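[1] any chance you can model this:
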Amino acid sequence: MSSEFEESEEFSEEENNGENENNNPNGEIKIARAKIPRGEEVIGVIEERLGGNKMKVKCLDGKTRNSRVPGRLKRKLWLRPGDIVLVEPWELDKTKGDVIFKYPSNQVEWLKRNGYLKSEEKEF
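    Prediction:
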């Protein structure tokens, strides 16, 4: 068994040449993909914080939703006006929604390049 493991290890080293393909020479990580909306989820930009875990989000479908951060994500997501987020509208009231993901800056660039986000969006 040890010989099989050694062969597979050598193969992986030859394939990658000992380098990580996602790293640029500058040390920045290249993004090959980003989370895209599924089902009724929509991308939006935070307009203003309303206090607590609530905020106004301008969504790409043209609606402004009064959104909240669910309790399980409250401490994980630190949000400011101008951040790009993924919003899941509520089933019964489509004017409200839950913020379920915040896009980091490198994923925002990926979304712009691939046509999911308009580059004219106002950012802070």
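[2] what number of residues lie near residue 46?
    Using other C-beta atoms under 10 Å, residue 46 has 21 neighbouring residues. Every residue, glycine included, has its C-beta placed from N, CA and C.
[3] pretty sure it sits in a helix.
    No: counting by DSSP: H, G, I helix; E, B strand; the rest coil, residue 46 is not part of a helix but strand.
[4] shouldn't residue 34 be in contact with residue 112?
    No: when contacts are counted by C-beta atoms under 8 Å, residue 34 is not listed as touching residue 112 (10.4 Å).
[5] looking at those two, which one has more neighbours?
    Neighbour count, other C-beta under 10 Å: between residue 34 and residue 112, residue 34 has more, with 18 against 15.
[6] state the pLDDT value of the nearest residue to the more buried one once chain neighbours are set aside.
    Excluding its sequence neighbours, the residue lying closest to residue 34 (C-beta to C-beta, 6 or more residues apart in numbering) is residue 107, at 3.8 Å. pLDDT, residue 107: 88.
[7] swap in residue 3?
    For residue 3, pLDDT reads 46.
[8] by mean pLDDT, point me to the weakest helix or strand of this protein.
    In the chain, the helix or strand scored least confidently by mean pLDDT, DSSP states H and E is helix 2-16, which has a mean of 42.
[9] circling back: what is the burial count for the residue nearest to residue 34?
    Around residue 107 sit 17 other residues, with neighbours defined as other C-beta under 10 Å.
[10] can you list the buried residues in the helix or strand where it lies?
    Assigned by DSSP states H and E, residue 107 falls within helix 105-113. Using 16 or more other C-beta atoms under 10 Å as the test for burial, helix 105-113 gives 107-108, 110-111.
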